[in-house]
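Student: Mind folding the following:
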Amino acid sequence: MSHGKIREDKTCLNCGHTVEERFCPHCGQENIEIKQPFHYLFTHFIEDFTHYDGQFWKTIKYLLFRPGKLTKEYLAGKRQTYVAPVKLYIFISFITFFLPSLLPSSEEQQERNDVYAFNTKEKENKERIAKILDSVNKENKNMLIPNEAISDLKVTEVNGNNIETDALGETRDGKLTILGAKNMKQFDSLYMKSSENRSIFDFMRPFAKKVFHLQEQGLNKEQIFDKFSETVVHTLPKALFIYLPIFAFFLWVFHNKKKWWFFDNGIFTLHYFSFLLLGILIIIFLSELLSLLPDYSIFNMLSILVSTVAIIYMLIYFFVAHHRVYENSRSISVLKGLFLFIINFFALLCMLLLLVYTSFRMMH
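Tutor: Take a look at the predicted model:
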């Protein structure tokens with residue numbers, strides 16, 4: 001509580017109503033003197049922050065580890081102790097959109113990965129050339145190739161792709177192809193030759209334009225996939241926001257409409273989607289954190305394991321929260337939950353694909 005000096009005048013400066021005690025009963029403003037000591041700025045800030053901080057962290061704790069708890073508390077009327085559902089969703093949605101954009105692009109890490117990939121390919125090329133030389137020498141012992149000639153050899157196949165590259169240099173090809181085409185000219189040529197699969201070419205044309213455009217800008221296959229993955233991650237929160245009322249509608253359809261109003265289903269939806277966004281944010285930060293570790297298989301396995309566990313928990317969370325909030329028997333709750341999960345999964349998937357398709361076309 002603030003320790004500012006109370007005004008002798010009992011008239012609220014904000015709304016004009018009479019203030020009997022410290023706070024105005026009409027607007028809630030504190031009836032304290034306008035001018036306060038300088039230290040009041042800091043003490044007031046600390047008091048406000050600690051009050052919100054305690055409310056916020058309690059809300060986050062229940063949101064993450066107590067499925068359905070916040071919804072039951074809110075619908076029971078206990079609303080002052082926690083962050084309001086709409087405010088919570090907007091805040092978490094904001095940080096999910098905003099904070100990942102502040103993460104460093106990690107150019108040094110990318111350079112390190114490129115060097116690692118280059119050394120790996122170089123090693124593979126050396127081993128392949130050594131095998132070729134051994135095979136040649138076994139077949140014809142009189143035909144010996146000096147070691148000095150190894151660096152001048154060309155490898156015409158790497159990882160199953162017909163390419164030409166220096167044995168000790170970086171692969172000069174390795175570009176993506178769309179339906180067998182390496183550029184839009186080839187794509188259009190294949191389109192003209194194809195009479196039965198033109199619909200496939202028409203569908204893939206926007207992707208082909210974007211991929212070939214990015215490759216012309218100097219991006220390699222890995223960089224394009226990284227951009228696409230980033231687009232998917234940033235598109236998912238948008239899809240969730242658009243899908244909020246649809247999800248609440250399906251909940252309303254599957255439950256007693258006299259007991260559970262659309263408002264109640266909306267509160268459950270806001271809390272569950274806030275949890276999903278927070279889960280996505282945690283996965284992003286864990287992925288970024290693990291990406292700083294050396295590119296070893298054990299760390300890659302750890303990253304995959306953490307993401308898998310997080311996704312499974314996000315799926316199970318829905319069934320637990322649904323059972324606790326709507327208070328059906330376990331069998332009915334699981335049955336309704338499965339129907340809701342399947343319907344929403346396909347509906348959200350369609351929306352996500354549409355948004356990813358649009359986002360991919362707008363990617364630059």
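
Student: As PDB, could you dump the C-alpha coordinates of stretch 17-28?
Tutor: Output of stretch 17-28 as PDB, limited to C-alpha atoms (Å, rounded to 0.1, in the frame of the first residue of the first chain):
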ATOM      1  CA  HIS A  17     -16.900  12.100  -5.600                       C
ATOM      2  CA  THR A  18     -16.500  12.200  -1.800                       C
ATOM      3  CA  VAL A  19     -13.600  10.100  -0.400                       C
ATOM      4  CA  GLU A  20     -14.200   8.900   3.100                       C
ATOM      5  CA  GLU A  21     -11.000   6.900   3.500                       C
ATOM      6  CA  ARG A  22      -7.900   6.500   1.400                       C
ATOM      7  CA  PHE A  23      -9.400   5.400  -2.000                       C
ATOM      8  CA  CYS A  24     -12.300   6.800  -3.900                       C
ATOM      9  CA  PRO A  25     -15.200   4.400  -3.800                       C
ATOM     10  CA  HIS A  26     -16.300   5.500  -7.300                       C
ATOM     11  CA  CYS A  27     -13.100   5.400  -9.400                       C
ATOM     12  CA  GLY A  28     -10.600   3.800  -7.000                       C
END
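
Student: So which bits of that stretch are buried?
Tutor: For stretch 17-28, burial by neighbour count (16 or more other C-beta atoms under 10 Å) applies to 19, 23-24. Where you see a C-beta, it was placed from the backbone N, CA and C, and this is true even at glycine.

Student: which outside residues touch that stretch?
Tutor: 6, 10-12, 14-15, 29-32 (C-beta atoms under 8 Å, 6 or more residues apart in numbering).

Student: hmm, 7 Å instead?
Tutor: Outside stretch 17-28, the residues that touch it by C-beta atoms under 7 Å, 6 or more residues apart in numbering are 6, 10-12, 14-15, 30-31.

Student: one step back: out of the buried residues of stretch 17-28, the closest to residue 75 would be?
Tutor: Residue 75 lies nearest to residue 23 out of the buried residues of stretch 17-28, by C-beta to C-beta, at 27.4 Å.

Student: Across the sheet, point out what pairs with that closest one.
Tutor: Beta-bridge partners for residue 23, by DSSP bridges, are residue 30.

Student: I'd like to know how far it sits from residue 8.
Tutor: 16 Å (C-beta to C-beta, to the nearest Å).

Student: go on, residue 260?
Tutor: Going from residue 260 to residue 8 by C-beta to C-beta gives 51 Å.

Student: re earlier: of the contacts of stretch 17-28, select the buried ones using a ChimeraX command.
Tutor: Filtering the contacts of stretch 17-28 down to the buried ones (16+ other C-beta under 10 Å) takes a single ChimeraX command:
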select :12,30,31
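
Student: Next one: residue 251, what pLDDT does it get?
Tutor: On pLDDT, residue 251 comes in at 94.

Student: Identify each buried residue in the strand or helix carrying it, please.
Tutor: If you go by DSSP states H and E, residue 251 is part of helix 221-254. Neighbour-count burial for helix 221-254, with 16+ other C-beta under 10 Å as criterion, is recorded at 224, 227-228, 231, 234-240, 243, 247-248, 250-252, 254.

Student: Stretch 65-72 too?
Tutor: Across stretch 65-72, burial judged by 16+ other C-beta under 10 Å covers 67-72.

Student: Might one say that residue 247 is in contact with residue 344?
Tutor: Yes: the pair residue 247 / residue 344 is scored as a contact, 5.9 Å apart, by C-beta atoms under 7 Å.

Student: Mind checking what helix or strand follows the helix or strand of the chain with the lowest mean pLDDT in sequence?
Tutor: None of the helices or strands of the chain scores lower by mean pLDDT, DSSP states H and E than strand 161-166, at a mean of 35. Going down the chain from strand 161-166, the next helix or strand is helix 184-193, by DSSP H and E.

Student: Any chance you could list what contacts that next one?
Tutor: By C-beta under 7 Å, 6+ apart, the list of residues contacting helix 184-193 from outside reads 178-181, 198, 201, 208-209, 212.

Student: pLDDT averaged over it - what is it?
Tutor: Computed over helix 184-193, the mean pLDDT rounds to 79.

Student: what separates it from the chain centre, distance-wise?
Tutor: Averaging C-alpha positions (C-alpha atoms, centre = their mean, to the nearest Å) puts helix 184-193 36 Å from its chain's average.
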